[in-house]
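Trainee: turn this into a structure:
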Amino acid sequence: MLLLTASIVSPALSQGFDARGPRPPPDGSTPADAPWVVGPPSPTGAVTLGLSWIEQPIVRLYPDGVVQAVLDDVLTAEVGALSPSLGPVQLGVVLPLVLSTRGEVRATTLADLQLSAPVSLLSGGVGTLRLGPLLRLPTGSPARYLGDRGIGLGGQLSGHHRSGPLVLAADVGLQHDPPTGSPDWPGGALALGALTLGVLPTERLGLHLGWRTRTSLGAPEAPSELGLSLKARAPSGAALSLSTARALTRGIGAPPLRLELAMSLSSPDPEPEPVALDRVAELRVLDRQQRPVRGARIRLEDDRLLQTDADGRVALPPDAMGILYLEAEGLIPDSLEIPEPAVGLDPLLVAVLQHPPVPITLRVVDPQGRPLATPPILEPEPPRPLILDEVGTWHGELPVGEWAVIIGAPGMGRQRRTVTIEPGAARVQIDAVIHPALGARSLELQIRDPQGDPIDRARLTLGDRLLGSTSTGGDLRIEGLPEQVGELIVRTETWDDPHPVQIDPETPRLEVVTRWPDGAVWIEALDPAGHPADAVVAFRGPAPLPPVPLGADGRRLFQLRPGIWTLAVSSPTLGIQERRIEILPGADPVRLTVVLQPEEAGDADLSIAVIGPEGPVAGAQVLLDGEPLGRTGPGGTLRALGLERGLRTLELDAPLLQAPAIDVDLFEGGQLLQIPVSWAPGALEIVVQDPDGEPLDALLTPEGPRRLPAIRLGADGLHRLALPPGRWELGISAEGWGSQQRTLQIPDTAEGLERIRVRLLPRDDDGGALLLEVQDPDGAPVRGARVTLGGQPLGTTTDGGLQISGLPRGATTLHVEAEAMQPVTQRIRIAGSTPIDLALDWAPGALAIDVLGPDGP
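Mentor: Predicted coordinates:
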């Protein structure tokens, strides 16, 4: 009997089947293509040359168990080709050649030619699905078990799916071959199937585990194989695969061992598009507070030197590489490495330089000046004891940040101070005097300057207790106090000391604000980004003064004698600007904000004087070519030095004022430019007072075409704002006082400043309301009419209207007067709501003048 590994057949040599087993499909030449199934479409096609060796594809079994090989050691070569994709269709052909055999059959011959034409049904991210016909032509020799007698026809469905490195592929098909007449291999209808699972460690290497079968539907068993294949591909398009398989179920087409070696050739891999690698092109240096560091010095590995601009930036040379060494005034030097060029690399490299720690000295004594034995505690977590020396002093350093020093001892009242370490701060000195605990009361003190900033080194005395000084946080918490502590006395070095404050027993916390000294000048210097600038101020005036640095926080208080002063503010890395101020005895403090710009190194100087409807305009922001140049001083002036010559554009930005942009031609030397400004459309000034003329911190509620928030006027009872065109209802109220309502129409072409004066009367919850309308003889509303009720001024009208609520009910006298009008006085009675319409007559000699131009009034 003849067996292909297990099946008994007739000993005839003309059974008409191909004993080699399933035919290999055309190879697509990629590592994702398993050698036993139809892979995904190959756009460029491929040509394959393969060799295979098959052990004992057919044997004869005798009843006594003797096995005799009919075919053995079959060595074949296959030439296969896969066409480029023709739309959804691809053509494939495999031509096998039997090179040698052993056993009873020895032959060198062609085997059956196999043709296929799979059509793509699905192709996309989920995978591919292909269906196509199979055609086998009988070019082999059926007399040698190496080919069938007739033509074989069939069809095959192939699927392929890849997820990451995993590839799953499967074939299912039917084929009809000529019948053989053998019970072990009847021929006729054949079932085809294959399933492979592959893994691709790289895009050029694939390892596949597969199972396949080809069985005659009338055969007693279904022969199947399990195989392993390794496939690699080079960029040139050449691929090499090595496969081995063993029978799972022995039978026709499933030999004990099969070895296959194939080489495929397809189009080379396309040349990769050149990838532009991004490189670091710019360095920005910041400090710990994310503020730019101007003038930071950067040294490259080849000793080239760079320096950052006002925004902390510097362009790096294209060939810069390796380590950058950074240093800046008042900061700890550091270094960092330039990253290698890479796709998606941020072209901006950011370096953060740290501020050095600040020296601090703490001295703690008792009322008799004796050192404290218990060490103070430094917080935050973890708390750290500060070991005092024999005189009660601790010397150390603290980095930038906020700290707390807690001082106490058994039987003594505790004290707590906040220590705020700012960048570039000088030495911090704290003096503390700890007193015996005399009670359970605690008191928190906060000492601030008129601008709300904490005051360092303020000396405090509470009753008869000298407490020492505040630290940079400006606060002090004291525990162990009796209920009655007396008055608090504050002494400072820079500010005028506040009056002594009597401490109420119920007061747990007290904030003390110092006063401006006579001749106070507060100077703040900023860089173009609005960060503090470490500038120097030089003085020219009634007394000689040396230049004074503003420090790392860019601000400082000066006290100048009366007279005219010129202040020059400069920075090593920014330009220089001048302000002219006048100090008057008893006048309010002068506040200067100077925005320094990078020095242009030109030879043009520009002096600007901004004149408004009320005189010089202080605090107007001046922009040169769109960049802030600074703000005008109290005299409305600003002087910028070292500008580039040429045509420049000058703009102004001042609250409630407007001025067109001006083109100015700067030339060598100095020039003075006077800029007149006018009120912005809808400019409004409102003043609210009590009946005695004292200002009220009233609440203004505007309602009109645009939604605006309620506005608190402040302690001076005055506020200016600009309203958009349209009709507005203005509500004015204050706690404990009555309220008024004003109607105001802002035209599209509004000019000038609308002034509203309001006097609020004490509120009467059971009172009535007055609705007053004042008109001129022509029926037009009268603006600015002064209204008095019962001898109390109520303010002025807007658009002739005035509404007041919370008035005492009953009879009273109403008096109204206006410019060029005859005053009117009449008795009225205030009820729930009292409307009054008054028509004023022209005063004798009143003259109305209308001025017309080409376009009208």
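Trainee: any regions of this protein where pLDDT drops low?
Mentor: 1-16, 125-126, 143, 184, 381, 800, 851-857 (pLDDT under 70).
Trainee: grab the most central residue of it for me.
Mentor: Closest to where the C-alpha atoms of the chain average out (Cα atoms, centre = their mean) is residue 290, at 13.6 Å.
Trainee: so what's it closest to, chain neighbours aside?
Mentor: residue 352 (7.9 Å; Cβ to Cβ, 6 or more residues apart in numbering). The C-beta positions use only the backbone N, C-alpha and C, and glycine is treated the same way.
Trainee: what comes into contact with whichever helix or strand that neighbour is part of?
Mentor: If you go by DSSP states H and E, residue 352 is part of strand 348-353. Outside strand 348-353, the residues that touch it by Cβ atoms under 8 Å, 6 or more residues apart in numbering are 280-288, 290, 293, 296, 316, 324, 326, 328, 331-334, 336, 338-339.
Trainee: mind doing that once more with 6 Å?
Mentor: 280, 282, 283, 284, 285, 286, 287, 326, 328, 331, 334, 336 (Cβ atoms under 6 Å, 6 or more residues apart in numbering).
Trainee: equivalent analysis for stretch 105-117, please.
Mentor: Outside stretch 105-117, the residues touching it (Cβ under 6 Å, 6+ apart) are 23, 71, 91-98, 101, 132-141, 144, 146-147.
Trainee: list only buried entries from those residues.
Mentor: By neighbour count, with 16 or more other Cβ atoms under 10 Å, the contacts of stretch 105-117 hold 23, 71, 91-96, 98, 101, 132, 134, 136, 138, 140-141, 144, 146-147 as buried.
Trainee: isn't residue 155 up against residue 119?
Mentor: No: taking contacts as Cβ atoms under 6 Å, residue 155 lies outside contact range of residue 119: 10.5 Å.
Trainee: what's the first-to-last distance across stretch 379-389?
Mentor: 20 Å (Cα to Cα, to the nearest Å).
Trainee: buried residues, it. List them.
Mentor: Those would be 386, 388, for stretch 379-389 by 16+ other Cβ under 10 Å.
Trainee: from the chain's centroid, how far away is that stretch?
Mentor: On the basis of Cα atoms, centre = their mean, to the nearest Å, stretch 379-389 sits 37 Å off its chain's mean C-alpha point.
Trainee: what does that stretch contact?
Mentor: In contact with stretch 379-389 (Cβ under 6 Å, 6+ apart) are residues 375, 376, 377, 378, 394, 404.
Trainee: next one: stretch 214-233
Mentor: 22, 31, 35, 185-187, 189-192, 204-213, 239-245, 247-249, 251-254.
Trainee: got it, and stretch 769-782?
Mentor: 785, 797, 799-805, 807, 816, 818, 833-842.
Trainee: do stretch 150-161 as well
Mentor: 38-40, 127-131, 133-134, 136, 138, 168-178.
Trainee: repeat that for stretch 195-203.
Mentor: Taking Cβ under 6 Å, 6+ apart as the rule, stretch 195-203 contacts 31, 34, 37, 165-170, 206-211.
Trainee: which of the contacts of stretch 150-161 count as buried?
Mentor: 38-40, 127-131, 134, 136, 138, 169-171, 173, 175-178.
Trainee: in strands, which of those residues appear?
Mentor: Mapping the buried ones among the contacts of stretch 150-161 onto strands (DSSP state E) picks out 127-131, 134, 136, 169-171, 173, 175-177.
Trainee: now the residues you listed in a markdown table, with distance to residue 595?
Mentor: Converted to a markdown table, those look like this (distance: Cβ to Cβ, whole Å):
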| residue | distance to residue 595 |
| --- | --- |
| 127 | 64 |
| 128 | 66 |
| 129 | 69 |
| 130 | 72 |
| 131 | 76 |
| 134 | 84 |
| 136 | 89 |
| 169 | 70 |
| 170 | 74 |
| 171 | 77 |
| 173 | 82 |
| 175 | 88 |
| 176 | 92 |
| 177 | 94 |
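Trainee: of these, which pair is most distant in space?
Mentor: Using Cβ to Cβ, the pair of these lying farthest apart is 127 and 177, separated by 30.5 Å.
Trainee: ok, what's across the strand from residue 349?
Mentor: Beta-bridge pairing of residue 349 under DSSP bridges involves residue 283.
Trainee: what's the distance between it and residue 286?
Mentor: Going from residue 349 to residue 286 by Cβ to Cβ, to the nearest Å gives 11 Å.
Trainee: between these two, which one's more packed in?
Mentor: residue 349 (20 against 16; other Cβ atoms under 10 Å).
Trainee: from residue 102, how far off is residue 71?
Mentor: In terms of Cβ to Cβ, residue 71 sits 8 Å off from residue 102.
Trainee: now swap in residue 731 and tell me
Mentor: Relative to residue 102, and taking Cβ to Cβ, residue 731 is found at 113 Å.
Trainee: compare the two (neighbour count), which wins?
Mentor: residue 731 (16 against 13).
Trainee: pretty sure the more buried one contacts residue 700?
Mentor: No: the criterion here is Cβ under 6 Å, and residue 731 misses it with residue 700 at 7.3 Å.
Trainee: ok, residue 365 - how many residues close by?
Mentor: 18.
Trainee: all numbers from here: first residue = 811
Mentor: Okay, using 811 as the starting number, the last item reads as residue 1175.
Trainee: which residue sits closest to it, ignoring its sequence neighbours?
Mentor: According to Cβ to Cβ, 6+ apart, the nearest residue to residue 1175 is residue 1202 (5.1 Å).
Trainee: what does residue 1103 give?
Mentor: Leaving aside its chain neighbours, residue 1103 sits nearest to residue 1095 (4.3 Å; criterion: Cβ to Cβ, 6+ apart).
Trainee: how about that neighbour, secondary structure?
Mentor: Classification of residue 1095 using DSSP: H, G, I helix; E, B strand; the rest coil returns strand.
Trainee: ditto for the one 4 residues further on
Mentor: Look at residue 1099: counting by three-state DSSP, its state is coil.
Trainee: what's the neighbour count on it?
Mentor: 12.
Trainee: repeat for the one 10 residues further on
Mentor: Residue 1109 is flanked by 15 other residues according to other Cβ under 10 Å.
Trainee: is it true that it touches residue 1135?
Mentor: Yes: using Cβ under 6 Å, residue 1109 is in contact with residue 1135, at 4.4 Å.
Trainee: and the contacts of stretch 1476-1489?
Mentor: By Cβ under 6 Å, 6+ apart, stretch 1476-1489 touches 1413-1415, 1417-1423, 1453, 1455, 1458, 1467, 1469, 1562-1563.
Trainee: among these, which ones are in helices?
Mentor: Using DSSP state H, no member of the contacts of stretch 1476-1489 sits in helices.
Trainee: can you tell me which of those are buried?
Mentor: Counted by 16+ other Cβ under 10 Å, the contacts of stretch 1476-1489 give 1414, 1415, 1417, 1418, 1419, 1420, 1422, 1453, 1458, 1467, 1469, 1563 as buried.
Trainee: can you redo the residues you listed as CSV with distance to residue 1032?
Mentor: Listed next are the buried ones among the contacts of stretch 1476-1489 as CSV, based on distance: Cβ to Cβ, whole Å:
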residue, distance to residue 1032
1414, 99
1415, 102
1417, 104
1418, 100
1419, 105
1420, 101
1422, 103
1453, 96
1458, 93
1467, 97
1469, 97
1563, 103
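Trainee: which one of those residues is nearest to residue 1577?
Mentor: The closest of the buried ones among the contacts of stretch 1476-1489, once distances to residue 1577 are taken by Cβ to Cβ, is residue 1563, at 32.7 Å.
Trainee: how about residue 1622, nearest residue that isn't a chain neighbour?
Mentor: Nearest one to residue 1622, counting by Cβ to Cβ, 6+ apart, is residue 1600 at 4.3 Å.
Trainee: distance of that neighbour from residue 845?
Mentor: 111 Å.
Trainee: and for residue 1277?
Mentor: 92 Å.
Trainee: neighbour count: the two, which is higher?
Mentor: residue 845 (25 against 21).
Trainee: for that one, what are its contacts?
Mentor: Taking Cβ under 6 Å, 6+ apart as the test, what residue 845 contacts is 1039, 1051, 1053.
Trainee: what would these look like in JSON lines with neighbour count and distance to residue 873?
Mentor: JSON lines is the format used below for those (neighbours: other Cβ atoms under 10 Å; distance: Cβ to Cβ, whole Å):
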{"residue": "1039", "neighbour count": "22", "distance to residue 873": "39"}
{"residue": "1051", "neighbour count": "24", "distance to residue 873": "42"}
{"residue": "1053", "neighbour count": "22", "distance to residue 873": "36"}
